[in-house]
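Peer 1: sequence-free structure coming up:
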C-alpha cells in the first residue's frame, strides 16, 4: 500500500504541496488516514519535469519520507509545473531504490498504489508479456514497475488509457488463469509531462482511495486571499490518494472504474473498461 | 520517543522475543500502542553479550526495524543470555547510526526512551559536565547518548543507580537554570552484561510506559507447555516499554520514580531519588 | 568486478580472516591488487552456516565494506566453520542489497566475480531458461544472481560441478546467438555448508584471479607458532580472489577452466568443461 | 582526506563540471591522483545557491559519489551560478550525512580537505571555544565542521579571511598545548553565495593540493569553440583539489599559505597568516 500525489499547474516549489499543507503526503507517510496501512515508510520518490526537451528528473530514496533531509531540501529547491510524488508501503518486495516510484521510461513517469494479488504466481507470465525491447529496462522487482512496462508494451505512449485497460485485462486474465479471484487493486498515474492520466480500478470494485481537485478557477473566486490557490494558477490540477485537509471543499472522490485525463486545465473523465489487447 | 526491551535469561535466539511474539518490539516499531508516537521508524539497534571477556556487540542501523532484512537474519543467528533492543522515534536529532541506541562504553550498554526537554538550551552545559576523558567518545548528537556519558561520569560502572540519580539531578538542575520546568522524561536501561538496571522517571511524574516480567518460576508452573517460557528459563527477566501481548498476566507496570536491578534471577526495586553529585 | 573469499575449517571468528590478515578482503575492497577494478565499494555480503538443520545466515549491505561498522561487529561476533564473503564492484546494475552476494537458496550460497558480457542482450532469454518454480525467487537484477538460478535449474543441489558446466554452456550459447564473442568471465563459489565448489573459467581463457590454500597440515609443521594457522585447523581450506599477503607460500593459483571441490579436508580438482544440458 | 570543487560563473548544470569533464570530482571519488588517499568513497555533498533571499541548498549523502543515482539526476537538474561539491574520505569519524560537506550556517557554506591532527586530544577544548549561541548548531562529529563553527565564532560572516586565520591560530595553539607538533593541514572554501574564499595552509607547509582557474576571458580567446568555456562565461572561476584534465593550461596551483577571494570575476590573493583573536 502506498500514497501518492500528482500536480499540474503553475511552477511552484514542491514543498508548497508536499510539506506546507495539512495532511500532506509527508504527513501521510507517517500517518495515513485512508490507506490500507497507516505507515508508508518504505521509501519515497519524486519525479518532475523541467525543460521540454529533457527526460524528467527523479529523486528516489529508501528512507522514510518524514525523516529525509535531502527531500526537504529538494522540495524547497525544485519549482516544477508538473510533478509526481509517492510514499511507499512495501508489499513483500524489498525496500530498494529500484522499487521506489515513480518509475520512468523516456518521458513517461508512473506511480501506483495497490497490488497485483498473488504476484508470485503470475510474475513470470507477466514478465514474458513485456515487449522484449523493454524487458531489459526493468530494474526492480515490484508488481508496480511491471504494470508500467506492460502498459508501455500495450501502447502507453500513444493511447494511455487504452494501454492501461489492456494492461489490467492481461493481469486479470493471467491471475484468473492461476486461480486468483480478484487479481488487481490499483490507483495509478502516468504522465509524459503534458498530460496526467489517473485511474482508479480494482477487480473487486473496492479500490484504494483517490481524489482530484475541482476547478481552481472557481476556488480562486471562493478564496481570493489564499496564497497557495493563487500560486498554483487557474489551470492547476491535483489528483491524490488523500485530500489535503486545509482546503475543504476542493476535493472530489474519483469514482470506481474511472480514468481522468488532465491536460492544461482540460479535465476529461471516462469509464475504465479493461479489455484484452 | 522510542520503544525498547531488555532480556536476561537462558541464551535464546533474539528472534524468539523480537519477532515471534505478539506485539513484539518490531511490531511496536510500526504500531506502538502506548508510546508518545505511533511510529518508531527512525532506526534501531541491538546490543548483546557473548563471552565474558569481550565487550558487547552492536548492530545499529538507520532503517526502520520492520523492513531491515539483516535484522531478521541477525535475530535468527544470535543466541544471547542478555540483550537490549531499541526502536527509535527521533526527536529533532538526525537519523544516523551514531544516534541509534544502544550506546556502548566498555562493557556497558544503554538505551533510553523519552527526552531532555529544550535540549538545545542545555546541550552545551551538559556536554561540559561530561568527564574530559569520556568527552571524545561521544559520537552522536542525541540527548540519550549524553545522558549515558553523564551517568558514566558520575560512576555508572561502580554504582549504577546512584550514578543515574546524579545524572538526572544534573539534567534537572541545568534545565531549571535555563527556565525549563520539566526537564527530564525517561525510561532507561543500563547493563554491563551481569546486571540489568532499569529506571522509570520523569520530572513531571508522568513517565513513558515501562513494564517488567514477573517470576518465570511461577509462570512455568502456570504454563508448563509454553515452549518460550521453558526456553527462557526460571531466572529469566524482561523489562520493556510495552507488554508482549501473547503472555497476559506476565507483565507488571514499573511504578513512577522506581529503579529495578536484575541480576540472575534476583530482582530488587528501589525508589529513584535524583540528587546532585 | 568483485573480490571474494570462502573458508572451511575450524569455527573461527570471521574477523580473523576478514580484518586481521594482511591484504584481507576488506583491504581489497579499497585497494585491490589483481582485480579488474581497484575499488570494490559497491556493497558487500557475508554468508555463514550455524547449526546443521538451519538455512545459512546472510548479512548484505550496500555500504563499502571498509567503513561499515556493523560488519566489523559481525566479524567479531560470528564464529563459523564455513563462510563466504564478497565485496562488490558493480557493472551496470544498481547498488542494492538484492544485488549483493552471496545469493541464497535453501541451504545453498553463491558468490561470483566477473560478468556476463552484453548482459542486456541476453537477460530475457536467460531468465526464461530459469525453472518456473525458481523464477519468483529472483530478487535482484545482476548477471551473478541469474547464473546462480540457472545453476539451480540445472541441478546445482545434486551435482554442482555439472550444473555449473551446464549453466556456463547455456550462457555461452545464448550469448553467441546474440553475437557476443566471449560471453562469460567468472570465478564462482557455491556451497551447501558441507562442500565448497569453486570454479575459475572464462570464454576467453583469461579469467579473474583465483587462489586456494595448500595443505594446512603441512603449514602447521612449517609455522608451528602461527596462532592463526593453529586456529583454523589441519583441514582448513580457503579459496579467494587475492592471496592474504602475510602467509606467503600458502597460496596456489587455480588454473584456468578448473573446478575445485573441498569437503572437510578432501580437495579434488577437475577440468571444467561447459556442455549444454 | 577529501577532494572538492567550487564554482562561480554563469548558471550551468552541475553535471557539466561534475560528470562531463575528464578527471572530474566524481572520477576523483574513485581514483584520486593527488590526494592522500586514492578512494574518496565515504559520502559526498553538494551545496548551491538559488534566489538571493534564500539560504543555500544541500544534498549530502553517505553513498559513494560514483554510484549515487540521485546525484546524477541532481547534477542534471540543478543549474546554479555558484556551487560547492565535495567527496569525502573519512579520517576516524563516522560516515553519516551530518559529517558530509558542505556544512551550512545561514547563507554560508564550507568545505574542507585535510585534518586536525590528534583531533581526539583537542576536540573538547575546541568545542568550548565555539560561541555558545552557535554550539547547538553543530550536528556532526568532524574536525571540519568544528573548524567552520570556530571560523563563524571568529567573524567569518563579516571578515572571512581574518576569521579563518584566527580559527587556524586557535587550532594550532590548542594542538601545541596538547603536544601536537603540526596541528593543521587544510584546504578550505567558504562562501556566502557572493564571494568564494579559498585557503591553502598547513602547519608543516605541505598542504593538500589546490588549484584555481586562470582567466576565462583569456581562455575564451584561446578556445573560442569550446562550448563549456563559453557556457561558464568570462567571469567564471573555479578552485578545486585536482585539475580537470581536459582543459590543460587552465589551472594554476594555489601556493602554500595563501588565501584567494573571488567575487564576480575579481580575484584577489593574499598571504594567509594565522594569528590569535
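Peer 2: That came through fine. Not measured: the values here are computed from a predicted model.
Peer 1: what's near enough to touch the closest residue to chain B within the stretch 151-277 of chain A?
Peer 2: Using CB to the nearest CB, residue A:242 is the residue of the stretch 151-277 of chain A that sits closest to chain B, at 16.7 Å. For the C-beta atoms, the positions are set from N, CA and C on the backbone; glycine is no exception. Residue A:242 makes contact with A:3, A:23, A:28, A:32, A:33, A:34, A:35, A:209, A:211 under the criterion CB atoms under 8 Å, 6 or more residues apart in numbering or on different chains.
Peer 1: Of these, keep whichever come out buried.
Peer 2: A:3, A:23, A:28, A:32, A:35, A:209, A:211 (16 or more other CB atoms under 10 Å in any protein chain shown).
Peer 1: Return the member of the contacts of residue A:242 nearest to chain B.
Peer 2: Nearest member of the contacts of residue A:242 to chain B, counting by CB to the nearest CB, is residue A:32, at 10.8 Å.
Peer 1: Hmm, residue A:23 and the closest one touching each other?
Peer 2: No. Contact between residue A:32 and residue A:23 fails when scored by CB atoms under 8 Å: they sit 9.1 Å apart.
Peer 1: Next up, the contacts around the residue in the stretch 151-277 of chain A positioned nearest to chain C.
Peer 2: Using CB to the nearest CB, the closest approach of the stretch 151-277 of chain A to chain C is made by residue A:178 at 11.5 Å. Residue A:178 is in contact with A:118, A:121, A:122, A:125, counting by CB under 8 Å, 6+ apart.
Peer 1: ok, of those, which come out buried?
Peer 2: Those of the contacts of residue A:178 that meet the buried threshold are A:121, A:122, A:125, by 16+ other CB under 10 Å.
Peer 1: So which of these is the closest to chain C?
Peer 2: residue A:121 (7.9 Å).
Peer 1: Which helix or strand contains that closest one?
Peer 2: For residue A:121, the host element (DSSP states H and E) is helix A:119-129.
Peer 1: Can you mark which positions in the helix or strand following that helix are buried?
Peer 2: Sequence-wise, the next helix or strand downstream of helix A:119-129 (DSSP H and E) is helix A:132-135. Neighbour-count burial for helix A:132-135, counted by 16+ other CB under 10 Å, picks out residue A:135.
Peer 1: Need the contact partners of helix A:132-135.
Peer 2: Contacts of helix A:132-135 (CB under 8 Å, 6+ apart): A:105, A:127, A:149, A:152, A:153, C:123, C:124.
Peer 1: Packing partners of whichever helix in chain A runs longest?
Peer 2: Taking DSSP state H as the criterion, chain A has its longest helix at helix A:160-177. Using 3 or more CB pairs under 8 Å, 6 or more residues apart in numbering or on different chains; DSSP states H and E, the elements in contact with helix A:160-177 are helix A:119-129, helix A:143-153, strand A:184-191, strand A:196-202, strand A:258-263.
Peer 1: Now with 6 Å, please.
Peer 2: Counting contacts by 3 or more CB pairs under 6 Å, 6 or more residues apart in numbering or on different chains; DSSP states H and E, helix A:160-177 is packed against helix A:119-129, helix A:143-153, strand A:184-191.
Peer 1: of all those, which lies closest to residue B:49?
Peer 2: Proximity of the helices and strands packed on helix A:160-177 to residue B:49 was assessed by CB to CB; the nearest stretch is helix A:119-129, lying at 39.4 Å.
Peer 1: pLDDT weak spots in the stretch 1-150 of chain A?
Peer 2: A:1 (pLDDT under 70).
Peer 1: What parts of it come near chain C?
Peer 2: A:94, A:96, A:98, A:120, A:123, A:124, A:132, A:135, A:136, A:139, A:141 (CB under 6 Å from any CB of the partner chain).
Peer 1: Select only the buried ones of those residues in PyMOL?
Peer 2: One line in PyMOL is enough to select the buried ones among the residues of the stretch 1-150 of chain A next to chain C; burial here means 16+ other CB under 10 Å:
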select buried, chain A and resi 94+96+98+123+124+135+139+141
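Peer 1: Of the residues of the stretch 1-150 of chain A next to chain C, which is the nearest to residue C:40?
Peer 2: Distance to residue C:40, by CB to CB, is smallest for residue A:96 among the residues of the stretch 1-150 of chain A next to chain C, at 19.8 Å.
Peer 1: What helix or strand is residue A:86 located in?
Peer 2: Per DSSP H and E: strand A:79-88 holds residue A:86.
Peer 1: which residues touch residue A:190?
Peer 2: By CB atoms under 6 Å, 6 or more residues apart in numbering or on different chains, the contact list for residue A:190 reads A:110, A:160, A:197.
Peer 1: Reformat these as CSV; add neighbour count.
Peer 2: Shown next, in CSV, are the contacts of residue A:190 (neighbours: other CB atoms under 10 Å in any protein chain shown):
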residue, neighbour count
A:110, 26
A:160, 22
A:197, 24
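Peer 1: quick one: residue A:237 and residue A:264 touch, right?
Peer 2: No. Taking contacts as CB atoms under 6 Å, residue A:237 lies outside contact range of residue A:264: 8.7 Å.
Peer 1: between those two, who's got more neighbours?
Peer 2: Set residue A:237 next to residue A:264 and count neighbours by other CB atoms under 10 Å in any protein chain shown: residue A:237 wins out with 25 against 13.
Peer 1: In contact with that one, which residues?
Peer 2: So residue A:237 contacts A:8, A:213, A:262 (CB under 6 Å, 6+ apart).
Peer 1: Let me have these in JSON lines, extended by neighbour count.
Peer 2: Below are the contacts of residue A:237 laid out as JSON lines (neighbours: other CB under 10 Å):
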{"residue": "A:8", "neighbour count": "26"}
{"residue": "A:213", "neighbour count": "23"}
{"residue": "A:262", "neighbour count": "26"}
